[in-house]
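*Asks:* need a structure here:
(chains A, B, C and D)
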There are 2 protein chains.
Amino acid sequence: MAPKQKGNVDIVAVAKAAKVSPSTVSRTFNHPDLVSPATRKKITRAVQKLGYVRNRAAQMMHGKRSGTIGLVVPTINHAIFAEVIQAFSDAIDQAGFTLLLASHGYDLEREYEMVRKLMEHRVDGVALIGLEHSEATSRLIAQQETPAMAIWNYAEDSELPCVGADNRLAGRMAAEHLLELGHRDIGLIFPDTRGNDRAQYRLSSVMETLQENGVSVPEYRMSEAPYSVAQAKLAAISLLSARARPTALLCGNDVIAQGALYGAQSRGLRVPEDVSIIGIGDFKGSADIEPGLTTIRIPAETIGSLAGKRFTAYITSDTREPFRLRCGLESIVRGTTGSAA
Amino acid sequence: MAPKQKGNVDIVAVAKAAKVSPSTVSRTFNHPDLVSPATRKKITRAVQKLGYVRNRAAQMMHGKRSGTIGLVVPTINHAIFAEVIQAFSDAIDQAGFTLLLASHGYDLEREYEMVRKLMEHRVDGVALIGLEHSEATSRLIAQQETPAMAIWNYAEDSELPCVGADNRLAGRMAAEHLLELGHRDIGLIFPDTRGNDRAQYRLSSVMETLQENGVSVPEYRMSEAPYSVAQAKLAAISLLSARARPTALLCGNDVIAQGALYGAQSRGLRVPEDVSIIGIGDFKGSADIEPGLTTIRIPAETIGSLAGKRFTAYITSDTREPFRLRCGLESIVRGTTGSAA
DNA sequence: AATAGTATTGCAAACGTTTTCATTAATCTT
DNA sequence: AAGATTAATGAAAACGTTTGCAATACTATT
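*Replies:* Below is the predicted model:
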């Protein structure tokens, strides 16, 4: 269809074909109003004919933005991050940016490597998940003066601009719901909190809230489970096999809660009559399982979308006004919690 | 810590600080063996001190690879693609590449836009999901001579190199499993097949296989559901509310199957005694629900990982030997299927 | 019809690298 | 100890754009 010699269709090839200078071609793209309609048409035709595609790398060398934003997540393969990534991607796409994505598997050392890698590509900004990052990462960001932001967690004193929810509050809300229902003997299943400030905040505020209300959680009521339904199920079974079992299970996230639910069911326990279960997150699907999972809703899509919009605005503005947005949480009471016996 | 004037730490700043020429600095990175250890040390120190980060865009202008690979998916927010993306990302990262990710929401027009956008960034290769793409997309890829591949679907006569599973076979296997159990009255719940060759292949081969065995599926036994547990649940309820209900439900993917399972349960039907349900995919979580979902396993992680490895090898080789890799399917029989009454 | 604008275009420098080629310094040969 | 290699470095051109400035060709004004 559009036959051309080699892969070297550049702006000067277009210029030649249209019988104008390269400058004019460039202007046609960047300041169309400065070039006469007739010339513009010639150039457009040449572009079509040769199949020219602009080269952002070359543009970038003139102080233009690269048009890319880096996002570094712990893992992609995780319902909740997938939702955030999707929303973030769509939002920045709207503003003409492309997403450079990297994951680090909850390893803050690797996170640094990834940020560095993204910076070699001269991303116009880099977004990280959570507020806890290595010293090296912060230094790198400051040094390179790359716009950066944190997604997912909100804290009023965060170093980076952030858009997210208050995970401490999430933990508090979950605990309070259980307390209100009269539960005093509560089991906890959380993921490893190292390098995971979301989980850490949730867990510590849960403990705090319970303590404030005179409820203490002994060591044997706590279990650790990674992000896996199967393993959470095992953890729940172990917790529920104690002589005197807890009347409720508070889980660090919805996946764990789902596992806990299956675990309880497999032990022949009725939920919520015999044991109440609450999660945090409200993942896609949490509403649909039977019975519907009671949880604290963290609006992943809203967060991702808002973060993308706000970040691109931040990047393209000259003033670079820092921002901190807190997204609301919601107690979603479905079928897995009931009052304590 | 490392104070510097402005954001303009380039190779010549490093050269100046190390009292050598820019050429030598460049060589230290690209051909360390050509520069004396002493000089190398000086330069390394200067790099540290100034916090220099290499500029791949500038490198790219010398025919070097950009070090990025574009991946265009229908959606990120989907268990199965999330798994593929993660594996693909990890694999190309191993080879020193970074992922540029874009999604098109099952719209082939937008897919074209996304591919184009990625090409402006001069990705070293672009990977697409599935084998069905717009004419314009194919033309663009051919014209730009950008290495491209298809992920997820396998076909022996595919235009693009591909790594994936044979979705026709998947459909056949699901149908055969049901036939073997004696089912003759089967309901079908599939997503919209437009612009989704995976679903299309599955559906057509299911129909074919049933027909071959003398089983026909009337219109009223077919239902369409998007990728959503809730909507699939509704679709299943509608199918199962017929006067004479089907003895089995064959679902286009596991999410739909999960919804179908909940739907059946909510109608008070026992699975698999009253109705059998089979999915396709074996998503994470399909093993854990109660009862475990019978399904045809498509090894997403293997596919993503293999695709990443193979594609980077393809890109970096001079010969550019095309490839087509078929990943095996597996019938995973769990608890949701049983013999027909 | 001459003057002053204004609209359109081209020239050339610049961006941050890599690389070829040339130059200098160091080491080896005999 | 002189010539011949070899190792280490630098100078300058090149990559594909953008943009400030200068030049040209119009158009409007009087």
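*Asks:* quick one: the strands in the stretch 201-341 of chain A?
*Replies:* A:222-224, A:248-251, A:276-281, A:294-297, A:324-326, A:330-332 (DSSP state E, counting those that start in this stretch).
*Asks:* got TSV for those strands, with mean pLDDT too?
*Replies:* As requested, the strands of the stretch 201-341 of chain A are exported to TSV (pLDDT from 0 to 100):
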stretch	mean pLDDT
strand A:222-224	97
strand A:248-251	98
strand A:276-281	97
strand A:294-297	98
strand A:324-326	98
strand A:330-332	98
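*Asks:* turn those strands into a markdown table, including distance to residue B:12 and mean neighbour count.
*Replies:* Every C-beta, even on glycine, is put in place using the N, C-alpha and C of the backbone. As requested, the strands of the stretch 201-341 of chain A are exported to a markdown table (distance: least, CB to CB, whole Å; neighbours: other CB atoms under 10 Å in any protein chain shown):
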| stretch | distance to residue B:12 | mean neighbour count |
| --- | --- | --- |
| strand A:222-224 | 52 | 18 |
| strand A:248-251 | 55 | 30 |
| strand A:276-281 | 50 | 28 |
| strand A:294-297 | 53 | 26 |
| strand A:324-326 | 38 | 16 |
| strand A:330-332 | 55 | 16 |
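*Asks:* number of residues surrounding the closest residue to residue A:236 other than its chain neighbours?
*Replies:* Among residues not flanking residue A:236 along the chain, residue A:263 sits closest, at 3.2 Å (CB to CB, 6 or more residues apart in numbering or on different chains). Around residue A:263 there are 27 other residues, counting by other CB atoms under 10 Å in any protein chain shown.
*Asks:* what does residue A:210 give?
*Replies:* Residue A:210: 23 neighbours (other CB under 10 Å).
*Asks:* return the residues in contact with it.
*Replies:* The contact partners of residue A:210, taken as CB atoms under 8 Å, 6 or more residues apart in numbering or on different chains, are A:175, A:179, A:186, A:216-217.
*Asks:* at 10 Å what do you get?
*Replies:* Going by CB atoms under 10 Å, 6 or more residues apart in numbering or on different chains, residue A:210 touches A:171-172, A:175-176, A:178-179, A:183-184, A:186, A:188, A:216-217, A:250.
*Asks:* relative to DNA strand D, how far out is residue A:264?
*Replies:* In this view, residue A:264 and DNA strand D are 61 Å apart by CB to the nearest atom of the strand, to the nearest Å.
*Asks:* nearest to DNA strand D, of the strands of the stretch 201-341 of chain A?
*Replies:* Closest to DNA strand D of the strands of the stretch 201-341 of chain A, according to CB to the nearest atom of the strand: strand A:324-326, at 31.7 Å.
*Asks:* sheet partners, orientation included, of the closest one?
*Replies:* Using DSSP bridges, the strands paired with strand A:324-326 are strand A:162-165 (parallel).
*Asks:* just say helix, strand or coil for residue A:151.
*Replies:* Three-state assignment for residue A:151 (DSSP: H, G, I helix; E, B strand; the rest coil): strand.
*Asks:* measure it to DNA strand D for me?
*Replies:* Counting by CB to the nearest atom of the strand, the gap from residue A:151 to DNA strand D is 31 Å.
*Asks:* ok, now residue A:185?
*Replies:* The gap separating residue A:185 from DNA strand D is 66 Å, by CB to the nearest atom of the strand.
*Asks:* pull up the gap between that residue and residue A:126, please.
*Replies:* 45 Å (CB to CB, to the nearest Å).
*Asks:* give me the beta-bridge partners of the closest residue to residue A:252 other than its chain neighbours?
*Replies:* Take residue A:252 and drop its neighbours on the chain: the residue closest to it by CB to CB, 6+ apart is residue A:190, 3.7 Å away. With DSSP bridges applied, residue A:190 shows beta-bridge pairing to residue A:224.
*Asks:* domain parsing of chain A, as residue ranges.
*Replies:* Domain segmentation of chain A under automatic domain parsing yields A:11-54, A:68-165+A:300-328, A:167-298.
*Asks:* model confidence score at residue A:48, please.
*Replies:* Among the per-residue scores, residue A:48 shows a pLDDT of 95.
*Asks:* compute the number of surrounding residues for it.
*Replies:* Taking other CB under 10 Å as the criterion, the count of residues near residue A:48 is 11.
*Asks:* burial check on residue A:30, number of neighbours?
*Replies:* Around residue A:30 sit 12 other residues, with neighbours defined as other CB under 10 Å.
*Asks:* any idea how far it is from chain B?
*Replies:* Distance, residue A:30 to chain B, using CB to the nearest CB, to the nearest Å: 14 Å.
*Asks:* please apply the same query to residue A:95.
*Replies:* According to CB to the nearest CB, residue A:95 stands 13 Å off from chain B.
*Asks:* which among the strands of the stretch 201-341 of chain A is found nearest to DNA strand C?
*Replies:* With respect to DNA strand C, and counting by CB to the nearest atom of the strand, the nearest of the strands of the stretch 201-341 of chain A is strand A:324-326 at 31.8 Å.
*Asks:* run the chain-centre distance for that closest one.
*Replies:* Distance of strand A:324-326 from the chain centroid (CA atoms, centre = their mean, to the nearest Å) equals 14 Å.
*Asks:* how about stretch A:89-96?
*Replies:* Stretch A:89-96 sits 15 Å away from the centroid of its parent chain (CA atoms, centre = their mean).
*Asks:* and what of stretch A:304-321?
*Replies:* Distance, centroid of stretch A:304-321 to centroid of chain: 16 Å (CA atoms, centre = their mean).
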